[in-house]
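Undergrad: Output the structure for:
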Amino acid sequence: MKYNTRNIGIIAHVDAGKTTLSERLLYYTGLIHKIGNVDDGNTTMDKDIQERNRGITISSAAVSTAWKKDDKVYNINIIDTPGHIDFAIEVERSLRVLDSVVAVFCASSGVQPQTENVWFQAEKHGASKICFINKMDRVGADFFAVLNEIKTKLNAVPLALQIPIGAEVHFEGVIDLVKMKALYWTDENGETVVEKEIPAQYIAEADEYRIKLLETLAENDEMFFDIFMAEQTANVEMISEAIQRVCRSGSAVPVLCGSAFKNKGIQPLLDAVVTYLPAPDQLADIEGRDPHTEEEVLLGRDEANVFSGLVFKVVIDKHMGRLAMLRVYSGMITSGDTILNVRTGERYRISRILQMQSDKTLSMEKAKAGDIVALTGIKDAKTGDSLSSVEKPILLEAITIPTPVIRVAIEPRTNGDEKSFGLVLAKIQEEDPSLVVERDPQTGETLLSGLGELHLEVTLEKIRLNHGIEINQGKPKVSYREILTETKVHREKLSKQNGGSGQFADITFEIGPRNDNEYGLEFISRIKGGVIPTEYIPSVEKGFREAMEHGPLKGYPLENMKITLIDGSFHAQDSAAFDFEIAAREGFRSAAIECSPKLMEPIMQIEIQSIEEYTGAVTADINRRRGIITSIDEKSGRKIFAAEVPLASTFGYISDLRTLTSGRASISMKLSHYTLVPDFIANALIT
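TA: Next up is the predicted model:
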């Protein structure tokens, strides 16, 4: 059975035009009948009041629509993702459940820092990709420069299916290199695509890029190579099939262009989405695990199989209540079915199945493999939970949650809001698991941690606007990490008698930093002869893994740690798995402080675009912030500064830069890495 479904995400750097493009996709597919614009705050995807006010996407929005091509109707599930690094969790969990992406590039700005970030996120999840070079009408638009940047900065093989007719104010249309026709949009809303012969002045360029298209296909597709080498005339069907194969294999990336704002180039993009990107059943079998035996399970992505799905987002709707956003990978569910949450072991009866239309919903009787839907009645489900049939539980790969880098102390402004304050914090954590709420054990303050200043600012504004709670907040603080710099051997013995059965665990271990500098715990067991029973060793590892969440200096998580379990002993009656977990935690507290721990701080990768006049001021300001300039380039008459700056020095950077450059500069930031805090700063932080 063939599925005429495409699950795509719209990804890009902020201000590349994702939401504008999404709006046009919905208009030309007939889902909406009036085009909204970001500047007017009336787009279908951005319905949150903050998204309208700020003109950016904050939360990924899902919508289902349909496109007809060659008398065949295709269902397209679209998720418009944020372009700002502070909302990386929205991109990550969307890409986890999507099959393909449309990567949007600004024709004048090209490949920007967050473009690289989301591109490699898509690579990690194996998503097929199509590129759309947007804003061809913008000053400085250069299709061919962006094409080159896709190759050099993203390590991709760009496959130009179109070239533009003109640029900037002279952008008129595109040349289709597959059909060798010129396409124009003459009416205001771009509803009619006019196909003409290629203008004489563009024939040589079109021929050149047509040959490049065929050569690239021959280099990356064996079947087309045979056609090309035999000097066989390749017809449109042969070329399209070859493009489809290289797109789905990832060996090359189709590139189209246009101007979403000027309503040019959208219909060919929709044709490319349904022609070249894969349907769910054209992908490899879904991999999972049997939660009881840990054995690998492979499931075909069709509705005849057993049901499996992944909750990629939880939404608390004021009218509908708790909604679990679900990607169905195999099988089928209907309203009233009972399904299993593999993580908790709980069974749920599905109340309703809903198709999402941004902030609206449509009821569905059933959902099958490949569908993206929302379920009601799924209590306690969290982002990353696997749902399956009761008869055959299947645990799917979870969703990676980015680690917070910034935190702020918060409290309700009035005592009357104290009770609801806690409930609201729990609710926002359910919706956004990259937010962490904890209590400072030393001061008793409530700390909210997130992925950046904007992330926290938006969250606190949401609490005020959506829940009516005014918040007092402290100054933002960096979420540091800790690292052990020396290796020690330590013995930890737990021995307690409480009358009756006691507690006993004895472990000897080596503790220190990892040699490979990777993140997290490296645990090695060298236990021989059964001095510690095999079934207790995972508890030792669990104890250390939990303990490293609170380092010995200031309680920050450890960047990494290596534990080698060397020796130990147990008591036949008094020992239990939990005793060895306790011993590991206590052993960590005693030994870690002896390993010369040090603080580490997050370093941000920064790109600043400014004009020549402010070069001196920008570089001096970067140096003042303990930053290191890695490059200074020039593009479209603007200076582009790349630098690495400690997060602690970036608070308020955006407004400071605007003041410094009279509003003539822009900045983007993303987390690069962690490095040791200089001693003079570390000493002040620790004391």
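Undergrad: Go through the chain and flag its longest strand.
TA: strand 598-610 (DSSP state E).
Undergrad: Mind giving me the packing neighbours of that strand?
TA: Judged by 3 or more C-beta pairs under 8 Å, 6 or more residues apart in numbering; DSSP states H and E, strand 598-610 is in contact with strand 481-483, helix 615-624, strand 638-646, strand 666-676, helix 679-686. Using the backbone N, CA and C atoms, a C-beta is placed for each residue, glycine as well.
Undergrad: For it, the averaged confidence score.
TA: Rounded to a whole number, the mean pLDDT of strand 598-610 is 91.
Undergrad: what do you get for stretch 448-459?
TA: For stretch 448-459, the mean confidence score works out to 88.
Undergrad: what does that stretch rub up against?
TA: Around stretch 448-459, the neighbours that count as contacts under C-beta atoms under 8 Å, 6 or more residues apart in numbering are 50, 58, 84-89, 402, 404-410, 425, 428, 432, 434-438, 460, 476, 479, 650-652, 669, 671.
Undergrad: One more: stretch 550-557?
TA: Residues lying outside stretch 550-557 but in contact with it, judged by C-beta under 8 Å, 6+ apart, are 403, 441, 479-482, 548-549, 558, 589, 592-593, 597-599, 685-686.
Undergrad: Show me which of the residues you listed are buried.
TA: Buried positions within the contacts of stretch 550-557, assessed by neighbour count (16 or more other C-beta atoms under 10 Å), are 403, 479-482, 548, 558, 592, 597-599.
Undergrad: Tabulate those residues in CSV, adding columns for distance to E222.
TA: Converted to CSV, the buried ones among the contacts of stretch 550-557 look like this (distance: C-beta to C-beta, whole Å):
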residue, distance to E222
T403, 42
S479, 49
Y480, 52
R481, 47
E482, 52
M548, 49
L558, 48
A592, 55
P597, 55
K598, 53
L599, 54
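Undergrad: And those residues, which two are furthest apart?
TA: Between all members of those, the longest pairwise span (C-beta to C-beta) is found for T403 and A592 and amounts to 19.6 Å.
Undergrad: And the host helix or strand of F312, what does it pack against?
TA: Mapping F312 onto the secondary structure by DSSP states H and E places it in strand 308-317. Taking 3+ C-beta pairs under 8 Å, 6+ apart as the contact definition, the neighbouring helices and strands of strand 308-317 are helix 88-97, strand 321-330, strand 386-389, strand 395-396, helix 418-431.
Undergrad: Indicate which one of the ones you listed is closest to N235.
TA: When the helices and strands packed on strand 308-317 are ranked by distance to N235, counting by C-beta to C-beta, first place goes to helix 88-97 at 35.1 Å.
Undergrad: what's the spacing between the closest one and its chain's center?
TA: Computed by C-alpha atoms, centre = their mean, to the nearest Å, the separation of helix 88-97 from the middle of its chain amounts to 4 Å.
Undergrad: what sits up against the following helix or strand past it?
TA: Reading on from helix 88-97 to the C-terminus, the next helix or strand found by DSSP H and E is strand 100-106. Contact with strand 100-106 is made by 6-13, 15-18, 21, 95, 111-112, 115, 118-119, 122, 127-135, 138, 146, 150, 269, 273, 277-278, as judged by C-beta under 8 Å, 6+ apart.
Undergrad: Counting neighbours, what do you get for G166?
TA: When counting by other C-beta atoms under 10 Å, one arrives at 15 neighbours for G166.
Undergrad: That one against I175, yeah?
TA: No: G166 lies out of contact with I175 (C-beta atoms under 8 Å); the separation is 10.7 Å.
Undergrad: can you pull the contacts of N189?
TA: N189 makes contact with 27, 35, 263, according to C-beta under 8 Å, 6+ apart.
Undergrad: Check the spacing between it and N263 real quick.
TA: Noted for N189: a distance of 6 Å to N263, by C-beta to C-beta, to the nearest Å.
Undergrad: overlap in contacts of the two?
TA: The contact lists of N189 and N263 share I35, where a contact means C-beta under 8 Å, 6+ apart.
Undergrad: Let me see the backbone angles for D80.
TA: D80 has phi and psi values of phi -90, psi 120 when expressed as degrees, to the nearest 10.
Undergrad: Tell me the confidence at it?
TA: For D80, the model assigns a pLDDT of 84.
Undergrad: All set now, cheers.
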